[in-house]
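Chemist: dropping a prediction and its sequence here:
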Amino acid sequence: MAPIKVYGWVVSPWMARVLVCLEEAGVEYEVVPMSRSGGDHRRPEHLARNPFGEIPVLEDGDLTLYQSRAIARYIFRKYKPEFLGLGEGGSLEESAMVDVWLEVEAHQHEPAVKPVLLHCIINKFTGQDRDQGVVDESVGKLEKLFEVYEARLAGSKYLAGDRLSVADLSHFSSMRYFMATEYAGVVDAYPRVKAWWEALLARPSVKKVMAGMPPDFGFGSGNIP
């Protein structure tokens with residue numbers, strides 16, 4: 001059987017979300033590298049895979065998927081449903097909590113982190129101005145959010161319960177870049193959040209994917225996809 005194909009550039013946090021799930025699932029896959037600067041995502045052949053011209057795109061036989069969180073759910077439904085709170089030892093309640101915290105990541109965490117990455121990392125290398133007011137507002141949102149996480153992690157090892165889930169893994173890629181900014185120390189005020197993050201960093205899947213994610217998105221080395 002042909003390996004799963006994943007189209008995109010590995011420095012992307014959305015690409016990394018999919019890759020870390022594939023690694024956790026122990027699935028054979030092939031990265032099909034693309035060039036953002038070369039406009040590969042706007043070419044007709046890619047638009048046929050994803051009409052929105054985004055990455056990542058996963059191909060598994062005749063199935064083509066886009067949207068990184070949907071891809072992550074598919075991977076675990078097929079290979080390791082326990083990461084969705086399903087399967088042996090799972091329950092409807094646990095799977096519901098996985099969904100809750102995956103939604104929190106999508107609608108609370110990522111929107112707060114993205115402006116920090118843009119203004120503190122990307123703008124630095126693309127000649128764009130840094131809006132410190134936007135950064136301060138986003139960091140403030142993250143601090144309030146981490147208070148919620150800290151309270152949640154007081155009662156469970158991971159966000160959805162005592163088992164690692166896709167909800168935890170989904171945070172990894174944007175957190176990786178946030179922790180490369182000068183605001184990484186924000187996490188120190190939340191010991192349970194810090195321990196949760198360090199537990200994610202210790203996972204072989206995370207270490208492997210992170211090796212392809214330079215903290216400057218590749219701008220400093222000139223290895224821009």
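Modeler: Now that the structure is in, tell me what you want to look at. Residues are numbered from 1 along each chain as shown.

Chemist: show me what the longest helix seen in the chain is packed against.
Modeler: Secondary structure assigned by DSSP state H gives helix 132-153 as the longest helix of the chain. Other elements packing on helix 132-153 under the criterion 3 or more CB pairs under 8 Å, 6 or more residues apart in numbering; DSSP states H and E are helix 110-117, helix 191-201. Quick note: C-beta positions are derived from backbone N, CA and C, even for glycine.

Chemist: rebuild the ones you listed as CSV, extending it with distance to Y74.
Modeler: Formatted as CSV, the helices and strands packed on helix 132-153 follow (distance: least, CB to CB, whole Å):
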stretch, distance to Y74
helix 110-117, 20
helix 191-201, 21
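
Chemist: which of those sits most buried?
Modeler: helix 110-117 (a mean of 19; mean count of other CB atoms under 10 Å).

Chemist: just the mean pLDDT for the next helix or strand after it, thanks.
Modeler: Remark: after helix 110-117, the chain's next helix or strand is helix 123-126, criterion DSSP states H and E. Averaging pLDDT along helix 123-126 gives 87.

Chemist: got a list of what Y190 touches?
Modeler: With contacts defined as CB atoms under 8 Å, 6 or more residues apart in numbering, Y190 is in contact with F146, E147, Y149, E150.

Chemist: of all the residues you listed, which two lie farthest apart?
Modeler: Spatially, the most separated pair among the contacts of Y190 is E147 and Y149, at 7.3 Å (CB to CB).

Chemist: so how far is the helix or strand bottoming out on mean pLDDT in the chain from its chain's centroid?
Modeler: Of all helical and strand segments in the chain, the minimum by mean pLDDT, DSSP states H and E falls on helix 123-126, at a mean of 87. Distance of helix 123-126 from its chain centroid, counting by CA atoms, centre = their mean, to the nearest Å, is 22 Å.

Chemist: returning to what we had before: so which of the helices and strands packed on helix 132-153 is nearest S156?
Modeler: helix 191-201 (9.8 Å).
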